[in-house]
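Q: pasting a predicted model and its sequence here:
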Amino acid sequence: MSLALVTGASSGIGAAFARALAAEGYDLVVVARDSQRLAEHGGELAAKHGVTVTPLPADLTTADGRAVVEQRLADPATPVDLLVNNAGMALNQSFLRSTPEDLDQLLALNIGAVQRLTRAALPGMIERGRGDVVNVSSVAGFMAMRGSTYAASKAWVTNFSESVGLAVRKRGVRVMALCPGFTRTEFQQRAGIDRGGVPRWLWLSADKVVRDGLRDLRRGRLVSVPDWRYRTAVFGLRYGPRGLIQRRAR
């Protein structure tokens, strides 16, 4: 039976990945800071789908927390077939209004954890000649958002995933950046972001994001943007005149 490890698995897109993969018959290792929620959700999935779900509490903003998950990913006795780097955070403040400590924490989670866990998983996957990594990024990474360290961190995730994906695809391993737009999760609430200004038609469900992402992964895509509306927007952001895009972001 295949094994998947999902970070940020206690809610939102991470929980949706855990549900979808359990339904496909994957055993799971689920990672988040909230050990109680992990245990509760894991128990529900195990009972419903007859899979093994192992909670692995870890704070990925810390070196010790990352090391726990790196060690699990590198364990050859129980290899991980699919890694989903979903854990992430945003700050409801501009760069200049954020403390250096908050900025360091954001970068440690959004960039540091993605890099370290991907690096831990890939050698075993390459040796076995198979394996998948999904790094959850964002449509925001295609934009020059004023004062947004979050958008900059997601630009890194997308570029990193695409670059590494190109390097390992001939070895039987797939690495993909999943770039959703506005998705109904606890993410905005935790970051203190007001959702009221976003039109209802722009919101996606976490389950749709995951369905589209898994479909695109299996099609061999390096970057997945769920929903045609966001794919159209990203096309304009990627190939439109840079100056015009920057003026619209002001």
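A: Looks like it arrived, so ask away. Residues are numbered from 1 along each chain as shown.
Q: all helices of this protein, in order?
A: Assigned by DSSP state H, the helices in the chain fall at 12-23, 35-49, 63-73, 100-107, 114-128, 149-168, 187-191, 206-218, 228-239, 242-248.
Q: for the ones you listed, which one sits closest to Met89?
A: Distances from Met89 to each of these were compared using Cβ to Cβ; the minimum, 5.6 Å, belongs to helix 100-107. (Each C-beta comes from the backbone N, C-alpha and C, glycine too.)
Q: to the chain's geometric centre, what's the distance from the closest one?
A: On the basis of Cα atoms, centre = their mean, to the nearest Å, the separation between the geometric centre of helix 100-107 and that of its chain is 18 Å.
Q: can you redo the helices of the chain as JSON lines with mean neighbour count, distance to Gly141 and mean pLDDT?
A: JSON lines is the format used below for these (neighbours: other Cβ atoms under 10 Å; distance: least, Cβ to Cβ, whole Å; pLDDT from 0 to 100):
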{"stretch": "helix 12-23", "mean neighbour count": "24", "distance to Gly141": "15", "mean pLDDT": "97"}
{"stretch": "helix 35-49", "mean neighbour count": "16", "distance to Gly141": "27", "mean pLDDT": "94"}
{"stretch": "helix 63-73", "mean neighbour count": "17", "distance to Gly141": "21", "mean pLDDT": "98"}
{"stretch": "helix 100-107", "mean neighbour count": "14", "distance to Gly141": "14", "mean pLDDT": "96"}
{"stretch": "helix 114-128", "mean neighbour count": "19", "distance to Gly141": "12", "mean pLDDT": "98"}
{"stretch": "helix 149-168", "mean neighbour count": "19", "distance to Gly141": "3", "mean pLDDT": "96"}
{"stretch": "helix 187-191", "mean neighbour count": "15", "distance to Gly141": "15", "mean pLDDT": "54"}
{"stretch": "helix 206-218", "mean neighbour count": "19", "distance to Gly141": "15", "mean pLDDT": "96"}
{"stretch": "helix 228-239", "mean neighbour count": "14", "distance to Gly141": "9", "mean pLDDT": "81"}
{"stretch": "helix 242-248", "mean neighbour count": "11", "distance to Gly141": "13", "mean pLDDT": "48"}
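Q: could those helices go into JSON lines alongside distance to Ala140?
A: As requested, those are arranged in JSON lines below (distance: least, Cβ to Cβ, whole Å):
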{"stretch": "helix 12-23", "distance to Ala140": "14"}
{"stretch": "helix 35-49", "distance to Ala140": "26"}
{"stretch": "helix 63-73", "distance to Ala140": "23"}
{"stretch": "helix 100-107", "distance to Ala140": "13"}
{"stretch": "helix 114-128", "distance to Ala140": "15"}
{"stretch": "helix 149-168", "distance to Ala140": "4"}
{"stretch": "helix 187-191", "distance to Ala140": "12"}
{"stretch": "helix 206-218", "distance to Ala140": "14"}
{"stretch": "helix 228-239", "distance to Ala140": "10"}
{"stretch": "helix 242-248", "distance to Ala140": "13"}
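Q: these: which one's closest to Pro55?
A: The minimum distance between Pro55 and the helices of the chain falls on helix 35-49, with 3.9 Å, by Cβ to Cβ.
Q: cool, thanks, talk later.
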